[in-house]
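J.: build me a model from this:
(one chain, ligands or ions: 2)
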Amino acid sequence: TPLHPFLAALPKCEHHLHLEGTLEPELLFELSRKNNITLPASTDPAFGSVETLLARYKTFKNLDDFLGYYYIGMSVLLHASDFEALAYAYFSKAASQRVRHAEVFFDPQAHTSRGVDLAALVEGFKKAQARARADFGMSTELIMCLLRHLPPPSAMETFSQAREAGYFADGTLAAIGMDSSELPFPPPMWKDLYDAAGSGGIRRTVHAGEEGPASYMTQALDLLDAQRIDHGIRAFLDEDDKLIARLVRQKTLLTMCPLSNVKLNVIPSIADFPLKKLLDAGVTFSINSDDPAYFEGYILENYCALQEAFQLSVRDWESIAKGAVMGSWCSESRKEELL
Ligand code: HPA
Ligand code: ZN
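T.: Ligands and ions are numbered 1, 2, ... in the order given. Presented below is the predicted three-dimensional model:
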């Protein structure tokens, strides 16, 4: 597209990126050999090779179909050095696409349930963050996501463990989030957890309105006091005008992921992404990659896919980029630098 060089050079913020979703098949197989983790190749031939796995990633039926691969994939991660390698590979790739500030998710329960210590995860990620700062001048924040498909007490226990370790107080963790399957696990299930975070002055975001209806987004705002919503596309697909007006009024950041939405069949094609509605309504949003190793594109590919479908102006993109900076969880002085 004609704007490709402009989009490549545009300074970016990424707010919706699962570190485990950046595990490329090459590193997945390398770590499975190194750590002696057997992949289920006997029951699923997709795990036979890098090529068959990439072919399987071409189409997912829905969120849960993808999540099955996502959780098996991350089972090869065991040591602090594995988590460091994973995160640093992502930060390097993001820097090459001019990401200047990244707020990234990880799923502690998916690792602690396999016997990996929370401290090992944090140690590996922090080393990668320090290298990203030194090598690329990139600012990064970690957001701890709790898993919806596990019982609420498991989420509460993981949150408490992180809080007791001082990770929120010392800035190791910037916020909590909530991810995994959405429809069967609506926001009311997580009220105690979000109340505990809110009363502790801890920032809160929630995946909502991806496969779940717009009403889950309203519940996330009302019951969980969410300060940000990850995805949130269903407000526009369901044409919930009252909710949209509220998002605009409250300046709630929506962290949107267009290629992910197509890959997981949330929308039929990129042309169905409600970009014009977002711009016309004046919603604050950012464009992000979600799980780039699985969805055939990092942040720049998401920007370019939208540009090909919608032919935005330079001014449109500058306003999207500005909204992303303003919605970031970084200091005011860092925002100045990013603008
Ligand atoms: N939705 C819910 N859970 C997830 C996602 C997502 O897009 N990616 C990784 N975990
Ligand atoms: Zn996500």
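J.: and the helix or strand harbouring Thr158, what does it pack against?
T.: When secondary structure is defined by DSSP states H and E, Thr158 falls within helix 152-164. Other helices and strands packing on helix 152-164, by 3 or more C-beta pairs under 8 Å, 6 or more residues apart in numbering; DSSP states H and E, are helix 109-112, helix 118-136, strand 139-147, helix 191-199. Any C-beta I mention is one placed from the backbone N, CA and C, and that applies to glycine too.
J.: which strands or helices does the third one pack on?
T.: It refers to strand 139-147. strand 99-106, helix 109-112, helix 118-136, helix 152-164, strand 175-179.
J.: which elements pack onto the second one?
T.: Same thing as helix 109-112. Using 3+ C-beta pairs under 8 Å, 6+ apart, helix 109-112 sits against helix 63-74, helix 118-136, strand 139-147, helix 152-164.
J.: adding mean pLDDT, distance to Ala41 and mean neighbour count, write these out as CSV.
T.: As requested, the helices and strands packed on helix 109-112 are exported to CSV (pLDDT from 0 to 100; distance: least, C-beta to C-beta, whole Å; neighbours: other C-beta atoms under 10 Å):
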stretch, mean pLDDT, distance to Ala41, mean neighbour count
helix 63-74, 98, 11, 19
helix 118-136, 98, 26, 18
strand 139-147, 98, 25, 23
helix 152-164, 98, 29, 16
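J.: out of the ones you listed, flag the one nearest ligand 1.
T.: helix 63-74 (5.6 Å; C-beta to the nearest ligand atom).
J.: what helices and strands are in contact with that closest one?
T.: helix 109-112.
J.: show me the contact partners of the helix it packs on.
T.: 20, 71, 74, 77, 118, 121, 146-147, 150, 154-155, 158 (C-beta atoms under 8 Å, 6 or more residues apart in numbering).
J.: stretch 62-73 now?
T.: 18, 20-21, 23, 28, 39-40, 46-47, 56-57, 60, 110, 180-182, 210-211, 263-265, 291, 294.
J.: now do the same contact list for Leu237.
T.: 214, 266-267, 274.
J.: max pairwise distance over those: which two?
T.: Of all pairs drawn from these, the greatest distance, 14.4 Å, lies between Ala214 and Ile267 (C-beta to C-beta).
J.: who's more crowded, those two?
T.: Ala214 (21 against 16; other C-beta atoms under 10 Å).
J.: residues contacting the closest residue to Phe168 other than its chain neighbours?
T.: Excluding its sequence neighbours, the residue lying closest to Phe168 (C-beta to C-beta, 6 or more residues apart in numbering) is Ile202, at 5.1 Å. Residues in contact with Ile202, defined by C-beta under 8 Å, 6+ apart, are 163, 168, 175-176.
J.: list just the nearest of those residues to Ala324.
T.: The closest of the contacts of Ile202 to Ala324 turns out to be Ala175 (C-beta to C-beta; 16.2 Å).
J.: ok, and the most crowded of the contacts of Ile202?
T.: Ile176 leads those on contacts (other C-beta under 10 Å) with 28 neighbours.
J.: who does it form a beta bridge with?
T.: Taking DSSP bridges as the rule, Ile176 bridges to Met144, Arg204.
J.: how far away is it from Gly282?
T.: 28 Å (C-beta to C-beta, to the nearest Å).
J.: tell me how many other residues crowd the closest residue to Asn265 other than its chain neighbours.
T.: Nearest non-adjacent residue to Asn265, counting by C-beta to C-beta, 6+ apart: Asn62, 5.6 Å away. Look at Asn62: counted by other C-beta under 10 Å, it has 13 neighbours.
J.: repeat that for Ala305.
T.: With other C-beta under 10 Å as criterion, Ala305 counts 21.
J.: in this structure it contacts Ser269, no?
T.: No. Between Ala305 and Ser269 there is no contact under C-beta atoms under 8 Å: 10.0 Å.
J.: returning to that earlier point: redo the helices and strands packed on strand 139-147 as CSV? Include distance to ligand 1.
T.: Formatted as CSV, those follow (distance: least, C-beta to the nearest ligand atom, whole Å):
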stretch, distance to ligand 1
strand 99-106, 7
helix 109-112, 9
helix 118-136, 16
helix 152-164, 14
strand 175-179, 4
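J.: now for Lys276: which residues touch it?
T.: So Lys276 contacts Phe310 (C-beta under 8 Å, 6+ apart).
J.: try it again at 10 Å.
T.: 236, 310, 312, 316 (C-beta atoms under 10 Å, 6 or more residues apart in numbering).
J.: most neighbours of all the residues you listed, which one?
T.: Phe236 leads those on contacts (other C-beta under 10 Å) with 25 neighbours.
J.: need the contact list for the residue nearest to it when sequence neighbours are not counted.
T.: In space, and not counting its chain neighbours, Phe236 is closest to Pro274: 3.6 Å by C-beta to C-beta, 6+ apart. Neighbouring residues of Pro274 by C-beta under 10 Å, 6+ apart: 233-237, 239, 244, 256, 258, 261, 267, 280-281, 283, 285.
J.: measure Pro274 to Thr218 for me?
T.: Pro274 is 17 Å from Thr218, by C-beta to C-beta.
J.: ok, Arg249 next?
T.: 13 Å.
J.: could you check stretch 183-191 against ligand 1 for contacts?
T.: No. Judged by C-beta under 6 Å from any ligand atom, stretch 183-191 stays clear of ligand 1, getting no closer than 10.5 Å.
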